[in-house]
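**Q** got a predicted structure plus its sequence, pasted below:
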Amino acid sequence: MNGVVTQFHKAYPAYAKTKVHVVFVPWENRTTDWTTAFSSGKNGPDVTELGNTDTPTVASLGMLANIATDVHKWSPSSNIVKGMLANDTVGSRLYAVPWFGGVRGIWYRKDQFAKAGISSPPTSWTQLVADAKLLMNKSPGTYGIGAPSDYTNGIVSFIWGAGGQVAVDQGGKWVAELNTPQSEAGIKFYADLYLANHVSPKTYIGQTELGAPGATSGGSNEDFALGKLGMYVDGPWAKAEFPKNAVDAANFASFPIPGQSSGQSPAFAGGSDLGVWKLTKYPAASWDLVKTMDSVSNSTSFANSAGFFPPFTTQLTSGAYSSNQLLSGFAKAATVTQISPLNAKNWAIADTTDAVIPTMMKALMQGANFSQTVDQANTELQNILNTGKK
Amino acid sequence: MTKLSTQDRPGQLGRSWDRAPHDPGGLPARARIGTFVRRRRLAPYLLLIPALIGVGWLIVWPTIQVGLFSFQNYGILQLAGVAPTRWVGLANFITIFKDQEFWVSLRNSCVFAAVVVPLTLVTGTCVGLLLNRLGPRMSMIVSGSTLLAWATPTVAATVIFYWIFNPDGGVVDWALTRLPTWLGGGAATWAGFNWTSSVLPVYTVATLLLVWQGFPFIAVSVLAGLRTVPAELYEAARVDGAGPWQVFWKITYPLLKPIFLVLLLLSVIWDFGVFPQLYILTGSGANLDEYNLGIYVYQKAFSTPPSYGLGGALALVLTVILLVITVGYVRASIKQGALQ
């Protein structure tokens, strides 16, 4: 960030003496901090990073400035992956610009696969389970693949991979589709990783990919890093959360979550945006800072250092990622993505406050009646997406 | 008069008070107020005013606001002044009572209080009785270690318990795994057992934690009560051949009943909506089936997007529940003659 500030001062001599005060906020605290800053009108940022699923919600609460005119005048904007920019657009207004993107795939170790006699990454769910079992046979006491129940952003890939949808927007009204046969197949497959196939441990029930909810390390992330778990669903950024004593890191590699019978399951198109705070006293300077932070070279070097991908088409197709052992799988996963309905206005209520999918998955893994549980989650999800209430 | 008025400045009032009788116009204002206060016996009330202002500012006014919120659609937009506040009648309450999660939380809170309160009271009373009989040195050791549990800050204590029961290398899972199977141990059940992922385990941990944190206060209060019981009563009981059980129920308990009543009520209030311990143990409240009312209120009021109206309505419901319990119990006790 220091380098970026220097560039900012150089590129805009008018701000040569403008101080840029960078505040790092723990990711879980971001919404609380926005809320507090916005409601009190004090201590708000000028520029803020937002999770791309936050942007529609935060924009709808009126916290972000409309920067449409500025963005259209900014030349790199035409190079931004179209879907990513569309996520920040409401009608003709634009509330943020994509800073970096990230997709989840499946982490594994090349040498462990070879030892277990797996020649190439699985390309169907049957193979995925079979390979998980092979890994477990080869290393007794370990598990094949982690399936934490509090992991919406991973679970949705399996719903989409089976041809299902979480919810679809039908003429402005959300229709939840968790209980279609396709979606149910995806949900059942995920639950069965623990229930029927026993390739995921019981410990992960009620956990996120990082262990207990709210924890920033542990759980399946730590188990994979320490060699206690064969395969681990997460993005390339997970590396930063691995414990320092991670074993056999040179063999880390990735592949896209396979499709149900072939191909790959759509990955949730995660990532972060940069937005200008509505109540900022310096809108012009803020936008200029955004331009500096999100220049093609700055966003690319930042994304690379943190395990993300830049939002620019030219960078993504340049071939730098497809030749990298660890990133090639994730780069491939990034070619088939989806974001809706995780960017719906009320998604945060459905996922953070009411935890519809995590609650459903946890209940299923604890042995609740399948169709009843899914139906209930479906009704709740639809109500929340449309009205904000269960 | 000129002289007097110069001395009437703040800080020299004492002296003008001394010279009051010389004032030709009768008593000075200050002395007259003094007489007024003394005649009407207002002094106690005047002394209460600073405290009342504090309480009013910090408790009464927020309570009134919470009451108002509970009938409004008060959220982040209303707080920021972007959207107008609307009165929504009983809509918030209807939302709450229709929410299955509320009933789950209420059940968890009730069962939890029903288990933790008696456990804390019994443990505390036993320790109090023990302390009363110990010699000075042992008494110091026991009360010292007891008070240490009490003095540990809530968050620190909870984090320690969280570590002890952690599935990744927590000492409890480690020990249970090594316990022979016929004692309920074994790796099959306990290796990496996740204490925070379902209701029963998480409340087991919370029960241990709250009893551990709560019993010292009970013990000290009971001990203080025991010290007031005349020794002759016990002597007389022993002469009449009463055993320890009879002594407790015939002498100690009736005499300490008012203390037990207060302790019981306080424990119920503390344990019913307990927040920080469960919030830390369950991990920011992501597992809905583990909510108690405290976490439920927090989640409804403050998670994105915040709904202070819903939170206010819930706080009101929680208060009413506790009031009903408290008033009901106090009435019953007055009837039994425990309180006069």
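**A** Now that the structure is in, tell me what you want to look at.

**Q** my guess is A:Met231 meets A:Ala147, correct?
**A** No - contact criterion CB atoms under 8 Å: A:Met231 and A:Ala147 do not qualify, at 10.1 Å. The way it works is simple: take the backbone N, C-alpha and C, and place the C-beta from them, glycine included.

**Q** of the two, who's got more company?
**A** Using other CB atoms under 10 Å in any protein chain shown as the criterion, A:Met231 and A:Ala147 rank with A:Ala147 on top: 29 against 26.

**Q** how far away is that one from B:Arg32?
**A** 82 Å (CB to CB, to the nearest Å).

**Q** enumerate the residues of the stretch 1-150 of chain B near chain A.
**A** Contact residues (CB under 8 Å from any CB of the partner chain) of the stretch 1-150 of chain B with chain A: B:Ile76, B:Leu77, B:Leu79, B:Ala80, B:Val82, B:Thr95, B:Asp99, B:Gln100, B:Glu101.

**Q** contacting residues for the residue nearest to the third one when sequence neighbours are not counted?
**A** Taking CB to CB, 6 or more residues apart in numbering or on different chains, and ignoring the residues beside it in sequence, B:Leu79 has A:Ser39 as its nearest neighbour in space, at 4.1 Å. A:Ser39 makes contact with B:Ile76, B:Leu79, B:Ala80 under the criterion CB atoms under 8 Å, 6 or more residues apart in numbering or on different chains.

**Q** sec struct for A:Ser39, please.
**A** For A:Ser39, the assignment made with DSSP: H, G, I helix; E, B strand; the rest coil gives helix.

**Q** from what I see, B:Thr177 and B:Ala188 are in contact.
**A** No - under the criterion of CB under 8 Å, B:Thr177 is not in contact with B:Ala188, lying 9.1 Å apart.

**Q** and these two? Which one has more around it.
**A** When neighbours are counted by other CB under 10 Å, B:Thr177 and B:Ala188 differ, and B:Thr177 comes out ahead with 16 against 8.

**Q** closest to the centroid, which residue in the chain?
**A** Went with chain A since none was named. A:Gly270 (3.5 Å; CA atoms, centre = their mean).

**Q** sorry, should have said chain B
**A** Mean-position check on chain B, CA atoms, centre = their mean. Result B:Trp270 at 3.7 Å.

**Q** state whether that one is indeed within a helix.
**A** Yes - according to three-state DSSP, B:Trp270 belongs to a helix.

**Q** poorly predicted segments of chain A, please.
**A** Scanning chain A with the threshold set as pLDDT under 70 gives no residue ranges.

**Q** what sits against the single nearest residue of it relative to chain B?
**A** The nearest approach of chain A to chain B comes at A:Gly206, 2.7 Å away (CB to the nearest CB). The contact partners of A:Gly206, by CB under 8 Å, 6+ apart, come to A:Ser149, A:Asp150, A:Ala212, A:Pro213, A:Lys362, B:Asn194, B:Thr196, B:Ser197, B:Ser198, B:Asn287.

**Q** go through these and name the one nearest A:Tyr15.
**A** A:Pro213 (41.2 Å; CB to CB).

**Q** wait, the residue nearest to the centre of chain A touches A:Gly102, no?
**A** Yes - counting by CB under 8 Å, A:Gly102 is a contact partner of A:Gly270 at 4.6 Å.

**Q** about what we covered before: per-residue pLDDT, the closest residue to the residue nearest to the centre of chain B other than its chain neighbours?
**A** Of all residues not flanking B:Trp270 in the chain, B:Gly214 sits nearest, at 7.0 Å (CB to CB, 6+ apart). Predicted confidence (pLDDT) for B:Gly214: 93.

**Q** looking at the stretch 151-300 of chain B, which residue is nearest chain A?
**A** For the stretch 151-300 of chain B, CB to the nearest CB, closest residue to chain A: B:Ser197, 2.7 Å.

**Q** now do the SS call for A:Asn221.
**A** helix.

**Q** give me the neighbour count for it.
**A** By other CB under 10 Å, neighbour count at A:Asn221 equals 28.

**Q** cool, B:Leu318 as well?
**A** 19.

**Q** now do the SS call for it.
**A** Here B:Leu318 is recorded as helix under three-state DSSP.

**Q** could you check how far it is from chain A?
**A** Computed as CB to the nearest CB, to the nearest Å, the B:Leu318 to chain A distance reads 18 Å.

**Q** quick check, that residue in contact with B:Leu293.
**A** Yes - between B:Leu318 and B:Leu293 a contact is recorded at 5.5 Å, counting by CB under 8 Å.

**Q** give the residues shared as contacts by the two.
**A** In contact with both B:Leu318 and B:Leu293: B:Phe272, B:Gly273, using CB under 8 Å, 6+ apart.

**Q** on that earlier part again, a strand runs through the residue of chain A closest to chain B, doesn't it?
**A** No - applying three-state DSSP, one finds A:Gly206 to be coil, outside a strand.

**Q** and the closest residue to it other than its chain neighbours, how many neighbours?
**A** Closest residue to A:Gly206 apart from its sequence neighbours, by CB to CB, 6+ apart: B:Ser197 at 2.7 Å. B:Ser197 has 28 neighbours, counted by other CB under 10 Å.

**Q** what do you get for the one 4 residues further on?
**A** Applying the criterion other CB under 10 Å, we find 17 residues in the vicinity of B:Pro201.

**Q** helix or strand: which one has it?
**A** Using DSSP states H and E, B:Pro201 sits in helix B:199-226.

**Q** and the helices in the stretch 251-390 of chain A?
**A** A:283-293, A:296-306, A:313-316, A:327-333, A:347-348, A:356-365, A:370-387 (DSSP state H, counting those that start in this stretch).
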